[in-house]
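Undergrad: This is a predicted model, with the sequence first.
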Amino acid sequence: MLLVVKRYTVHHVRMGNASETFLFMSRISKDNDFLMAAVYTIFGVLSVLGNGILLFVAYRKKSSLKPAEFFVVNLAISDLGMTITLFPLAIPSSYSHMWLFNKVTCIIYAFCGVLFGLCSLTNLTVLSCVCWLKVCCPNYEFILQFIHSLA
């Protein structure tokens, strides 16, 4: 999944009774913001469709899944979580060339990005270890059992 970090300029604007609103204006060009919004939209739709189909098939075939395949399912859940929580906020903000939401939403957005990103990285690390075990040490592949994939 493509993750692009944008640079925003923070403007403090006084409104009414000493309450503050924070406007995060994008520093990149409007054309690039519009392009990124289009890419986010395409990737978001493809991510929901692809991961949704994978989860549907895994649910239908859950009795025949091998232990290593549970990590792929977990990766799909993580990617779907990232898509559902981040893209609905990033797409309209990119189209409008500024962050449309408040500071708390920005913090939650960052938290979800870190949470699902670390989850995906962990799953990919475990998957690479499982592949290494199966390819380089085929005599020991029996070590990975169903109970290990649930832990």
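TA: Nice, thanks for sending it over.
Undergrad: Contacts only, for the most centrally placed residue in the chain.
TA: Centroid-nearest residue in the chain, with CA atoms, centre = their mean: Met82, separated by 2.8 Å. By CB atoms under 8 Å, 6 or more residues apart in numbering, the residues touching Met82 are 1, 112-113, 116-117, 120. Bear in mind the C-beta positions are built from the backbone N, C-alpha and C, glycine included.
Undergrad: Helices of this protein, residue ranges please.
TA: When assigned using DSSP state H, the helices of the chain occupy the ranges 30-60, 67-96, 103-136, 146-150.
Undergrad: Output those in JSON lines; the columns should cover distance to Phe24 and mean pLDDT.
TA: Shown next, in JSON lines, are the helices of the chain (distance: least, CB to CB, whole Å; pLDDT from 0 to 100):
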{"stretch": "helix 30-60", "distance to Phe24": "12", "mean pLDDT": "96"}
{"stretch": "helix 67-96", "distance to Phe24": "8", "mean pLDDT": "93"}
{"stretch": "helix 103-136", "distance to Phe24": "7", "mean pLDDT": "91"}
{"stretch": "helix 146-150", "distance to Phe24": "41", "mean pLDDT": "55"}
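Undergrad: highest average neighbour count across those?
TA: Highest mean neighbour count among the helices of the chain (mean count of other CB atoms under 10 Å): helix 67-96, with a mean of 18.
Undergrad: ok, back up a step: taking the contacts of Met82, tell me the two that lie furthest apart.
TA: The most widely separated members of the contacts of Met82 are Met1 and Cys112, with 13.3 Å between them, by CB to CB.
Undergrad: Am I right that Phe71 is in contact with Ser128?
TA: No: with contact defined as CB atoms under 8 Å, Phe71 does not reach Ser128; the gap is 10.0 Å.
Undergrad: Next, the contact list for Ala90, please.
TA: The contact partners of Ala90, taken as CB under 8 Å, 6+ apart, are 37, 40, 109.
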